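Visitor: coords please:
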Amino acid sequence: MAVRRILLYSQHKDLLRKKSEPVQRVDRSVKNLINDLKDTLVANDNGIGLAAPQINQHKRVVVVRLGGDEESPEPGPPTALINPKILEASDQQKDFDGCLSFPGLYGETIRPHRLIISSLDQDANPVDRFFEGFDAVVVHHEIDHLEGVLFIDRIESLDDLYQVIQNENGEMVRVPIGTFEK
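Guide: The predicted structure is shown next:
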């Protein structure tokens with residue numbers, strides 16, 4: 001298992017803003033990258049998606065864990081998308097967003113809830129996939145990373161940024177960033 005260090009925005013702004021290069025061939029190095037991404041994602045309890053730039057590999061590769069919802073909160077195993085390209089995006093809605101490169105910071109962003117992409121799978125087979133609901137949000141978020149776009153770029157107002165903390169009753173609550181003392 002090769003768990004990689006996730007780049008944090010506060011220390012690696014330039015690297016996280018760098019656009020990723022397309023994968024020319026799915027060779028051993030790309031398969032190793034996919035395995036590193038999967039291992040790193042699974043090792044981070046809160047993670048449901050990870051893009052190669054987040055581990056300082058600027059290739060167009062992401063892994064996503066899909067299918068978690070209120071009925072079955074545990075998402076599925078990591079799935080690799082190589083050179084993902086958005087073919088169609090629709091049903092823009094405000095929804096929850098967070099990022100392993102911004103630990104403890106969450107926000108409300110507007111993203112498509114219906115997404116069609118083309119990509120290669122980890123065996124270099126071309127696939128077109130349809131994503132709906134929060135799965136579309138996750139995939140869109142990870143594709144953004146490949147373009148150097150971060151979830152904070154999609155925040156409309158500082159009021160949409162928050163942390164989740166435990167209150168005096170032991171309940172987890174959202175606390176807007178603007179309420180923290182500077």
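Visitor: What is the burial count for Leu16?
Guide: Number of residues near Leu16 (other CB atoms under 10 Å) recorded here: 21. All C-beta atoms are positioned from the backbone trio N, CA, C, and that covers glycine.
Visitor: Would you agree it is in contact with Ser10?
Guide: No: the criterion here is CB atoms under 8 Å, and Leu16 misses it with Ser10 at 10.2 Å.
Visitor: Low-confidence stretches in this protein?
Guide: Along the chain, segments meeting pLDDT under 70 span 1, 68-73, 178-182.
Visitor: How about the contacts made by the closest residue to Ile86 other than its chain neighbours?
Guide: Excluding the flanking residues, the one nearest Ile86 by CB to CB, 6 or more residues apart in numbering is Ile117, at 5.5 Å. Counting by CB atoms under 8 Å, 6 or more residues apart in numbering, Ile117 touches 81, 84-87, 128-129, 131, 139, 143.
Visitor: Quick one: buried ones out of those residues?
Guide: Buried by 16 or more other CB atoms under 10 Å: 81, 84, 129, 131, 139, 143, out of the contacts of Ile117.
Visitor: List the contacts of the first one.
Guide: Right, Leu81. 61-64, 117, 119-121, 129, 139, 142.
Visitor: Which PyMOL command selects the buried ones in the residues you listed?
Guide: In PyMOL, this line selects whichever of the contacts of Leu81 come out buried by 16+ other CB under 10 Å:
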select buried, resi 61+62+63+64+117+119+120+129+139+142
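Visitor: want to throw the contacts of Leu81 into a markdown table with secondary structure and distance to Asp45?
Guide: As requested, the contacts of Leu81 are exported to a markdown table (DSSP: H, G, I helix; E, B strand; the rest coil; distance: CB to CB, whole Å):
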| residue | secondary structure | distance to Asp45 |
| --- | --- | --- |
| Val61 | strand | 22 |
| Val62 | strand | 19 |
| Val63 | strand | 15 |
| Val64 | strand | 16 |
| Ile117 | strand | 27 |
| Ser119 | strand | 26 |
| Leu120 | strand | 29 |
| Asp121 | coil | 26 |
| Arg129 | strand | 26 |
| Val139 | helix | 20 |
| Glu142 | helix | 18 |
